[in-house]
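Undergrad: Pasting the sequence and the predicted coordinates here, then a few questions.
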Amino acid sequence: AIKTGLELQQRGHNYYTQLGVTRASSPLEIKRAYKKLSLLLHPDKNKSPDASDQFDALKQAYDVLMDMEFREVYNKFGRDGIKNNKRYDE
């Protein structure tokens, strides 16, 4: 089934929007976006009560998108695929 933009919007933020990049972004672009956002969201710099949670979510998004195997799984199955640790060979 083809997912509509509305269905994807209802699912909430994904790792790409969290980092402000697209699916076509290179690892270098992802790294730059992460570095810029991590300076803003790091608990030592950001005094917000939920800064630690925001930073952890950012780090998780970065880790998934920088690992090419996890990125492919994420693109195909979404967060559920990462949580269930799906691989293509399974």
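TA: Looks like it came in fine.

Undergrad: Please export the C-alpha coordinates of the helix or strand where residue 81 lies as CSV.
TA: In this structure, residue 81 sits in helix 79-83 according to DSSP states H and E. The C-alpha trace of helix 79-83 is given here as CSV (Å, rounded to 0.1, in the frame of the first residue of the first chain):
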residue,chain,number,x,y,z
ARG,A,79,11.2,2.7,14.0
ASP,A,80,9.5,-0.7,14.5
GLY,A,81,12.1,-2.3,12.3
ILE,A,82,14.9,-0.8,14.4
LYS,A,83,13.2,-1.8,17.7
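
Undergrad: now that helix, how far from the chain's geometric center?
TA: Distance of helix 79-83 from the chain centroid (CA atoms, centre = their mean, to the nearest Å) equals 11 Å.

Undergrad: where exactly do the helices run in the chain?
TA: Assigned by DSSP state H, the helices in the chain fall at 5-10, 15-19, 27-41, 51-66, 68-77, 79-83.

Undergrad: quick one: average pLDDT of the helix holding residue 81?
TA: In this model, helix 79-83 has an average pLDDT of 84.

Undergrad: what does that helix rub up against?
TA: 14, 64, 70, 73-74 (CB atoms under 8 Å, 6 or more residues apart in numbering). Where C-beta positions appear, they are placed from N, C-alpha and C, glycine not excepted.

Undergrad: any idea how far residue 83 is from residue 14?
TA: Distance, residue 83 to residue 14, by CB to CB, to the nearest Å: 14 Å.

Undergrad: what does residue 81 give?
TA: 12 Å.

Undergrad: Can you tell me which residue sits nearest the middle of this structure?
TA: The centroid of the chain falls nearest to residue 15 when counting by CA atoms, centre = their mean (2.2 Å).
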